[in-house]
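Colleague: pasting the sequence and the predicted coordinates here, then a few questions.
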Amino acid sequence: QDGISQVYSIDRLKETVRLAAGLDDKKILREEAIQRAVSVLQRFGERIHDFPAHRVRAVATNTFRVAKNIDELLPRAEQALGFPIEVIPGHEEARLVFSGVAHELPPSDECRLVIDIGGGSTEFIIGQHLDPKLMKSLVLGCVSYTKMYFPGGVVTAQAFEKAELAARKELEVIVKPFRKMGWTQAYGSSGTAKALVAVLQDSGFSSLGITLEGMLKLKKVLINYGSARSPELRGLKIDRMEVLPAGLAIMISAFRELKIER
């Protein structure tokens, strides 16, 4: 209608690789992480091998951006997939995130804020209609923060304090321009946001969506139990348990710095 194209999903295949967890202190991606990625990409390659090359766009994000051994990693990944892989900068990742979210939401004239907490980076975008207006990709993620502050998913009050302090420091650079532009509604996308909304609502900490009050209740349970494995928590998938505390610390920090209500 009116020349507006609509993007919608016709097939979906998801595998969790946790690539950022394979980076060592020197930003070298370890062999076992490369192997995990290669085996998943081979499965994806089998699904799409009949597609014409001009119909496929494969993109790689933060871990590929920072890995020092990218020259070894990229050819192996491309061979496994059977198509070229484009390592995209943070602003292009943010643009794609906003595009994906905007196409899933009902049309609106309002400005929308989208937060996408990934494994190694978090994207913040304000946009209107299908157009992103302000985009920032910050180097903080639920996998990298798990390694730094909650190794093995172990939770303490001190770890939360350190993680939130680090995240708020990173967020400082975006606070002024983002609050100046403003937004009417805020949305979370991808794994951490989905896990948070499920656990907050199913556990009765929030009646609708993600709220600061609900997250602080969740944080208290995590600290008291020492991990996300508390029987008090409902709706949390096993594969999200280890990285949930780090994702929560980042989301709490975003709510506080940007003064998000829901």
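Modeller: Received the coordinates, thanks.
Colleague: tell me if I am right that residue 123 is in a strand.
Modeller: Yes. Going by DSSP: H, G, I helix; E, B strand; the rest coil, the assignment for residue 123 places it inside a strand.
Colleague: any idea how far residue 114 is from it?
Modeller: Distance of residue 123 to residue 114, computed by CB to CB, to the nearest Å: 7 Å. Just so you know, the C-beta spots here come from the backbone N, C-alpha and C atoms, and that holds for glycine as well.
Colleague: what do those two both touch?
Modeller: Here residue 123 and residue 114 have residue 97 as joint contacts, going by CB atoms under 8 Å, 6 or more residues apart in numbering.
Colleague: any regions of the chain where pLDDT drops low?
Modeller: Residue ranges of the chain with pLDDT under 70: 1-5.
Colleague: what's near enough to touch the residue nearest the centre of it?
Modeller: Nearest residue to the geometric centre of the chain (CA atoms, centre = their mean): residue 118, 2.2 Å. By CB under 8 Å, 6+ apart, residue 118 lies in contact with 61-62, 141-142, 190-191.
Colleague: change it to 6 Å
Modeller: Going by CB atoms under 6 Å, 6 or more residues apart in numbering, residue 118 touches residue 141.
Colleague: the residue nearest to residue 21 when sequence neighbours are not counted and residue 51: what is the separation?
Modeller: Spatially, and ignoring its direct neighbours in sequence, residue 21 is nearest to residue 143 (5.1 Å; CB to CB, 6 or more residues apart in numbering). Distance, residue 143 to residue 51, by CB to CB: 29 Å.
Colleague: ok, these two, which is more surrounded?
Modeller: Shown here are residue 143 and residue 51; by other CB atoms under 10 Å, residue 143 has more neighbours (23 against 11).
Colleague: how about the CA coordinates for stretch 209-223, as CSV?
Modeller: Extracted C-alpha coordinates of stretch 209-223, given in CSV (Å, rounded to 0.1, in the frame of the first residue of the first chain):
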residue,chain,number,x,y,z
GLY,A,209,6.0,-5.2,30.4
ILE,A,210,9.4,-4.4,32.0
THR,A,211,9.4,-1.9,34.8
LEU,A,212,12.1,-0.7,37.2
GLU,A,213,10.0,-1.7,40.2
GLY,A,214,9.7,-5.3,38.8
MET,A,215,13.4,-5.5,37.9
LEU,A,216,14.4,-4.5,41.5
LYS,A,217,12.2,-7.3,42.9
LEU,A,218,13.9,-9.7,40.5
LYS,A,219,17.3,-8.4,41.5
LYS,A,220,16.5,-9.0,45.2
VAL,A,221,15.6,-12.6,44.5
LEU,A,222,18.7,-13.2,42.4
ILE,A,223,21.0,-11.8,45.2
